[in-house]
Structure formats: C-alpha cells, structure tokens
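1. Take this sequence and fold it.
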Amino acid sequence: MKLAVEFPSVAYREGRDKVLELAKAIEDIGYDELAVFDHVVMGFPAEGRTTMYPARMPILEAFMTLALVTAVTDRVSLSTEVLVLPQRQPVLVAKQVSTLDTLSNGRVRLGVGVGWQDSEYDALEEDFSNRGKRMDEAIDLLRAYWGDEEIEFIGEHYKSTAMGMEPKPPQGANIPIWIGGGSKAALRRTALRGDGWMGSGMNDERLIEGRATIRRLAEEAGRDPESIGMQVMLAPPPVTDEDKRFYTELDTITARAVQVQKMGFEWTAINATAIFQAGARSVDAIIDRLGEIHEAVRAETA
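-> Now for the predicted structure:
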C-alpha cells in the first residue's frame, strides 16, 4: 500500500524552516507522497451559503507550497488532494502543473474535484452552476497543453487556437489526474477521464460501491479497470471529539489501513492536520507521530 501525507498548513505558524523540515521528514520517514489540500478562500456563514470549515482556517496555497517543498525533496510524489479545478483558469493551471512537474523531475500527481463552496466560486468570479461540465473540458485542455506541440482546442467553455506552451512537463500528457468526489458524475468522470479516484468523506459501503461503479463504467467504455488507481483518506476530517482521537491510537490506525487495503484501495492518505488536532501541537510532535504511524502501518500492509 502507498502512503500519502496530507500536509498541514498549520505548520506555517512555526515559520518557513519548519515547513521545510516537515516536508523533508515526510520523505525521510518513507512516505510515498506529500499532498496539499486546496481552498483559496473560506466563506463566513451567511444566508443561503454553504459552509463546512471556519473562515479563519489557515490554508497555504497548494501550488506555491508544493513548489517550495521541491527544494528539500527528491523522491516523494507531489499532489493536490484535491485542487478545485473549475474555479481556476485551466490554461494557467496547465502551466503551473507543467512547471511543478519540470522542477520536481516528474513527480506530480494532480488530484482534482469540483468543490462544494459556492461563495469561493463567487469570490473568484467563476460559475458554480456549470462547474461539472467545465471540469470535464478542463481535464481535456490540460492534457492538450501538456502533450501537443501546437494546441487547438475548441470546447463549449474553453478555447485555445494555435497556442504553444513550453517546456513540456517530463511526464507529458501522462501526468496522472485523479478525480475526487463521490457523486455519480464524479464516478463517471473517473471512469472515463481519470487515472484514479480519491475517495473521501464516505462510509465503507459507499466507498465499495463507488469503486465497483468506476470499474464497471470503465469497462463499458473500453478502458481497463485495472489501469484506474484507488485511494481513500484513512479517516475523514474530524468533526467530533471522538473523531479527533483516531490518530492517538496506533492499533486503530493500523486496523483501518488493513481494512482499506482489503477493500481494494492501494493508496491511503494520512491527514497531518488531524494529527495536530489529536494533540501533536508542534511540527516536531507531528513528525514523531508520522514516524510511529508509518512504522506501524508498513508492518501490517507491506
């Protein structure tokens, strides 16, 4: 099983050097990937507005953070988990991802989703209502910019005529794009366009059903289901005090990793912000706990 760590933005409070120390430790411990959460802004509660996290929640910008950690890492893959793609201009995203892949020597895995926060779309002046359709087009447009010498792309929402973008990323058009979300549209998008699925925030029954649906739809579309990777967060972001205790109990963590592996997920992600919420209140403490978790999980899932 491959193990990713979702990087905790809260590390910024101890300064740049501690951010880099944590990134390097994630690689040195032996994790396979460093992933970054994405939101640009968070909305305060207001009438008619969907909110999930506190508006003052600190979130480092995903691409800027990943670009920084390339300086102290050589092996771990670098991912977004997940980038809210339709609220960003996709040609600019293509350039940002291409540059990151170039400067990291081909280590990027791009996780994308449509997001849920309408107020964030409003702040970025993007249309929330058609984000799914624009997501599909954006994925195709990214791959065109990464792979084609001269880009000709005419879609309903995005158009590029006689354009070039250099340098091409080391992985070319094959930069892995993994799809997040559990809706019918997200599962279908994964089956038709994705290199993998990042499942999160669902119970085991829905995760198993989602995996089976993706594999069935992929086969119906003429794709090899085995070519589509599967990932799930080891535990959803904590809400209750009981949730926050998850990362304090190594036996519980290990048992969950074994269970996830048996369900057919070859990747799992460990939420380092949840480790902070569970009591590891410094970068040093987070590093220590990540080391303990890695040793325990590897011993049971290798």
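2. switch to C-alpha atoms for all contacts and neighbour counts from now on
-> Fine.
3. Tell me the spacing between the closest residue to P169 other than its chain neighbours and K24.
-> Of all residues not flanking P169 in the chain, S98 sits nearest, at 4.7 Å (Cα to Cα, 6 or more residues apart in numbering). According to Cα to Cα, to the nearest Å, S98 and K24 sit 22 Å apart.
4. So these two - more neighbours on which side?
-> Comparing S98 with K24 by other Cα atoms under 10 Å, the one with more neighbours is S98, at 27 against 20.
5. So the more buried one is in contact with K168, correct?
-> Yes - taking contacts as Cα atoms under 8 Å, S98 lies within contact range of K168: 6.5 Å.
6. got the residue ranges for the helices in the chain?
-> 16-29, 62-69, 90-103, 118-123, 131-147, 184-193, 204-220, 241-244, 250-262, 272-277, 283-301 (DSSP state H).
7. what about these, which gets the closest to L234?
-> helix 250-262 (6.6 Å; Cα to Cα).
8. returning to what we had before: and the residue nearest to P169, how far from Q171?
-> Applying Cα to Cα to S98 and Q171 gives a distance of 9 Å.
9. Report the beta-bridge partners for I179.
-> V112, W197 (DSSP bridges).
10. Need the per-residue pLDDT for the residue nearest to L207 when sequence neighbours are not counted.
-> Distances taken as Cα to Cα, 6+ apart put G199 closest to L207, at 6.8 Å, once the chain neighbours are dropped. pLDDT recorded at G199 is 95.
11. G199 contacts A235, doesn't it?
-> No - taking contacts as Cα under 8 Å, G199 lies outside contact range of A235: 10.8 Å.
12. More neighbours: those two, which one.
-> G199 (26 against 22).
13. which residues sit in contact with the more buried one?
-> Remark: with contacts taken as Cα atoms under 8 Å, 6 or more residues apart in numbering, G199 is in contact with G180, G181, G182, L207, M230, Q231, V232, M233.
14. and the fifth one, how many neighbours does it have?
-> It refers to M230. The number of residues near M230, taken as other Cα under 10 Å, comes to 22.
15. residues contacting it?
-> Taking Cα under 8 Å, 6+ apart, one finds G196, W197, M198, G199, R211, G264, F265, E266, W267 in contact with M230.
16. top of those residues by neighbour count?
-> W197 leads those on contacts (other Cα under 10 Å) with 29 neighbours.
17. what sits against that residue?
-> For W197, the contact set (Cα under 8 Å, 6+ apart) comprises W178, I179, G180, L187, T190, I228, G229, M230, Q231.
18. same check, this time on G291
-> I29.
19. Quick check: pLDDT value at it.
-> pLDDT, G291: 98.
20. Any chance you could list residues touching both of S98 and K168?
-> Shared contacts of S98 and K168, counting by Cα under 8 Å, 6+ apart, come down to W146.
21. Work out which residue lies at the spatial centre of the chain.
-> Nearest to the geometric centre of the chain sits E81, at 1.4 Å (Cα atoms, centre = their mean).
22. For it, give its distance to T240.
-> E81 sits 22 Å away from T240, taking Cα to Cα as the criterion.
23. And for L207?
-> Look at L207 and T240: by Cα to Cα, they are 21 Å apart.
24. now do S77
-> 31 Å.
25. between those two, which one's more packed in?
-> Taking other Cα under 10 Å, S77 and T240 do not tie; S77 has more neighbours (21 against 8).
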